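K.L.:
quick one, what's the 3D model for this:
(one chain, ligands or ions: 1)
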Amino acid sequence: MELLERVRRAARWRAYLVRAGAVRAPRALGPGAAAVALTFDDGPEPESTPEVLDVLARHGATATFFCVGHRARSHPELLRRVEAEGHAIGSHSLTHRVSGLGPRAVLADFDEGHSAVEEVLGRPVRLFRPPHGNLDWGVVPGLRARPFRTWLWTVDSGDYEPGATTESIARRAGAATAGDVVLMHDALEEAAPGAPPRTTMVDALPEVLEGLRARGLRTVALQ
Ligand SMILES: [Zn+2]
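P.N.:
Residues are numbered from 1 along each chain as shown. Just a heads-up that it's a prediction; the model follows:
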C-alpha cells in the first residue's frame, strides 16, 4: 500500500482505537496545560538530529524523540546526547517496516526496537509510538499487555509529505494549541518520493518555537 494511503488509513483506525480506549488519549496533556509536546520520529540520524537538538537548546525547548531501534544501535552516542540534553525518549519499532506483517511479527519488531533503545540508555523506557501511528486490532491486545505508554499525535506537521516546504511545516506545526502533541521527524524511514530533506524541517523549527512562546505556550516532554 502506498505510504500516504497507509497514513490516512491509520488515522481512521486511530480515531476508533482512541474512542475504544485501546491507546492513550492523544489529548492527555490536557487543554489546561498551556503546553505543547513536540515529538520527533525515526531518528537518531547523525546528519539531522544534532541540528534539531541545537535549535531546541537555543530556544530552551524540550521535546520527545521516538527512536527506531536499528538507528539507536548504530548511533548510541547520539541517543545518549538526546537524553543528556533533557529530552524524553521512546521507541518506534526496530525496523519501521512492519506493514503487511502479521500481529506476532509486528509485536516482535516493536519489542526488539524497544529493547534496543533500553539497552543503549541502560534503563527501562516507557514511551512508544507505532510506525505511521498504525495500530490494527490484531496488535492492540498485545500492546495493551505491555508496559508501553503509546502516544500518537493531534497535530501533523506534514514534514514527511512530498512537496512540504519550510513554510507549510511552520504553518501546520505552528497551529498547535494548548494540549497538542505535534508530529515531526528528525529522520525519515520509508520516505515517499519527493519528501523534503530534514533541513527543510529544521529551518521551520525556530519559527514554530517562537510562535509557541509568543502565545504563552511552553514545550514539554511526554511522560
Ligand atoms: Zn516513523
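
K.L.:
check the secondary structure at T64 for me.
P.N.:
Secondary structure state of T64, per DSSP: H, G, I helix; E, B strand; the rest coil, is strand.

K.L.:
beta-bridge partners for it, please?
P.N.:
T39, A88 (DSSP bridges).

K.L.:
residues near it, how many?
P.N.:
Neighbour count of T64, defined by other Cβ atoms under 10 Å: 24. Quick note: C-beta positions are derived from backbone N, CA and C, even for glycine.

K.L.:
which residues touch it?
P.N.:
A37, L38, T39, F40, H87, A88, I89, G90, L127, W151, A221, L222 (Cβ atoms under 8 Å, 6 or more residues apart in numbering).

K.L.:
now the closest residue to the first one other than its chain neighbours: how far from V52?
P.N.:
Read that as A37. Computed as Cβ to Cβ, 6 or more residues apart in numbering, the closest residue to A37 that is not its neighbour in sequence is V181, at 4.6 Å. Using Cβ to Cβ, to the nearest Å, V181 is found at 17 Å from V52.

K.L.:
of the two, who's got more company?
P.N.:
More crowded of V181 and V52, by other Cβ under 10 Å: V52, with 26 against 22.

K.L.:
that one falls within a strand, correct?
P.N.:
No. Checked against three-state DSSP, V52 lies outside a strand; its state is helix.

K.L.:
let me know whether it touches D41 as I believe.
P.N.:
No. The pair V52 / D41 is not scored as a contact, 11.4 Å apart, by Cβ atoms under 8 Å.

K.L.:
which residues do the two both contact?
P.N.:
The contact sets of V52 and D41 overlap at D186 (Cβ under 8 Å, 6+ apart).

K.L.:
ok, so of the contacts of T64, who is nearest R215?
P.N.:
L38 (14.3 Å; Cβ to Cβ).

K.L.:
quick one: the residue positioned nearest the centre of the chain and H75, what's the gap?
P.N.:
Residue closest to the mean C-alpha point of the chain, counted by Cα atoms, centre = their mean, is D41 at 3.6 Å. Relative to H75, D41 is positioned 15 Å away (Cβ to Cβ).

K.L.:
coming back round to it: my read: the residue nearest to A37 touches S157, true?
P.N.:
No. Using Cβ under 8 Å, V181 is not in contact with S157; the gap is 11.2 Å.

K.L.:
return the residues of the chain in contact with the ion.
P.N.:
Those residues of the chain that sit near the ion, judged by Cβ under 5 Å from the ion, are D41, D42, P131.

K.L.:
please repeat the previous calculation with a cut-off of 6 Å.
P.N.:
With Cβ under 6 Å from the ion as the criterion, the chain meets the ion at residues D41, D42, H92, H96, P131, E189.

K.L.:
any idea how far L143 is from the fourth one?
P.N.:
Yep, that's H96 we're talking about. Counting by Cβ to Cβ - H96 and L143 are separated by 16 Å.

K.L.:
okay, those two: which has more neighbours?
P.N.:
Set H96 next to L143 and count neighbours by other Cβ under 10 Å: H96 wins out with 22 against 19.

K.L.:
name the helix or strand for the more buried one, please.
P.N.:
According to DSSP states H and E, H96 maps onto no helix or strand at all.
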